[in-house]
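>>> fold the following.
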Amino acid sequence: MDVVILIIILAIILSLIGDILGKFRASRKLKKEIKKVKLENPYLYFRDIPNDYGIGVYAFLLDYKLNKRDFKAALIDLSAKGYLKLLATNNSLRIELTSKDNTNLLKNEKYILNWLNENSNIKKFKISEWKKYIIEDILDLKIGEKRKMKELDDDKYTKLHKVLTITSLFLITAVLFIIVYIGKPIDVFSIIIFLVLVPIISFFPVYLIIGLIMVLFSSFDIASYYKLSKSLKYTEKTKDVIRTIYALGAFIKDFSLFADRNINEIIIWERYFSYAYLLGLNDSLDLKYSKIYNNEHFKIDITTLNNSNELLKN
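Have a look, this model is predicted:
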């Protein structure tokens with residue numbers, strides 16, 4: 001009984017190891033894809049907002065991940081578009097929805113507004129649900145594709161297990177035969193007994209060990225398969241979208257360096273704020289921005305944003 005429990009524990013441990021390694025392999029593959037797109041960027045700067053696909057879409061395409069910072073950037077973007085107002089009162093963030101028609105918004109943006117209409121605590125916002133709508137939008141906009149994955153073949157592991165077991169038994173028998181009989185007189189009867197008994201005695205431990213190894217490999221493949229299948233394939237259009245966003249980030253970053261010196265010559269749109277937050281460049285614009293472009297179209301309260309940093313912290 002103790003042996004059975006030990007085998008089960010080993011199988012579970014190997015399965016977990018395979019799962020971890022499989023996910024790591026998939027993550028590494030995705031990171032290489034993302035890095036390659038960034039390194040091959042033909043754009044130095046991109047000053048305009050490239051195609052109004054919305055913050056959620058861009059956030060997911062940049063690294064296949066979503067976090068609270070991305071959600072914050074989406075809120076700022078919807079505020080800049082006039083669909084909601086961000087208000088800071090008594091060290092708390094209050095969001096007011098406007099009556100602006102949202103027919104033309106993407107599904108993921110409508111999801112945010114609908115969720116805010118029914119919930120008051122933004123800390124309970126479910127990123128995983130938002131992600132589903134974002135993926136739908138990406139597929140609808142045709143700026144990404146589902147990965148075409150070969151179905152996992154369960155029979156492959158069964159067949160491989162059998163082949164490895166038979167091969168191992170043959171090799172073990174051959175090696176032991178050479179060790180036992182090399183340089184000794186050949187007794188046909190004892191050889192027959194040897195060739196029958198060794199495979200029988202060795203069968204169970206060999207079959208078991210290879211079975212445990214198969215658990216490791218199958219778990220590895222399954223974990224890698226499912227992680228990759230949940231991400232989208234980059235098309236040429238996807239790559240161009242990502243590169244323009246990074247080029248916009250380069251413009252925002254360098255803009256922040258000369259903004260104070262050329263304050264009267266620069267016009268920057270309020271929607272740059274959401275992209276600055278998306279790319280982690282918000283500190284570059286926070287205080288300088290109100291000096292640059294502050295007229296009746298300005299829909300974002302700088303003080304509110306600065307006060308909400310902790311409230312929407314990752």
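>>> just confirm Leu86 is within a helix.
No: judged by DSSP: H, G, I helix; E, B strand; the rest coil, Leu86 forms no part of a helix; its state is strand.
>>> any idea of the mean pLDDT for the lengthiest helix in the chain?
Ranked by residue count under DSSP state H, the longest helix found in the chain is helix 188-229. For helix 188-229, mean pLDDT is 79.
>>> mind listing the strands for the chain?
Using DSSP state E, the strands of the chain run over 84-89, 92-97, 145-146, 232-233.
>>> can you add distance to Tyr272 and mean pLDDT and give those strands back as TSV?
In this view, the C-beta of every residue, glycine as well, is placed from N, C-alpha and C. What follows is the strands of the chain, written out as TSV (distance: least, C-beta to C-beta, whole Å; pLDDT from 0 to 100):
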stretch	distance to Tyr272	mean pLDDT
strand 84-89	16	76
strand 92-97	21	78
strand 145-146	30	82
strand 232-233	26	80
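>>> dump these into a markdown table; add mean neighbour count and distance to Gly54 as well.
Putting these into a markdown table (neighbours: other C-beta atoms under 10 Å; distance: least, C-beta to C-beta, whole Å) gives the following:
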| stretch | mean neighbour count | distance to Gly54 |
| --- | --- | --- |
| strand 84-89 | 16 | 14 |
| strand 92-97 | 14 | 17 |
| strand 145-146 | 14 | 19 |
| strand 232-233 | 16 | 16 |
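>>> and those: which comes nearest Lys23?
Closest of those to Lys23 is strand 232-233, at 17.3 Å (criterion: C-beta to C-beta).
>>> quick one: strands adjacent to that closest one?
strand 145-146 (antiparallel) (DSSP bridges).
>>> quick one: residues in contact with the strand it pairs with.
Strand 145-146 has contacts (C-beta atoms under 8 Å, 6 or more residues apart in numbering) with Leu139, Leu232, Lys233, Thr235.
>>> hmm, the last one is touching Gly144, no?
Yes: under the contact definition of C-beta atoms under 8 Å, Thr235 touches Gly144, with a separation of 6.5 Å.
>>> and those two? Which one has more around it.
Neighbours were counted for Thr235 and for Gly144 using other C-beta atoms under 10 Å; Gly144 has more, 21 against 13.
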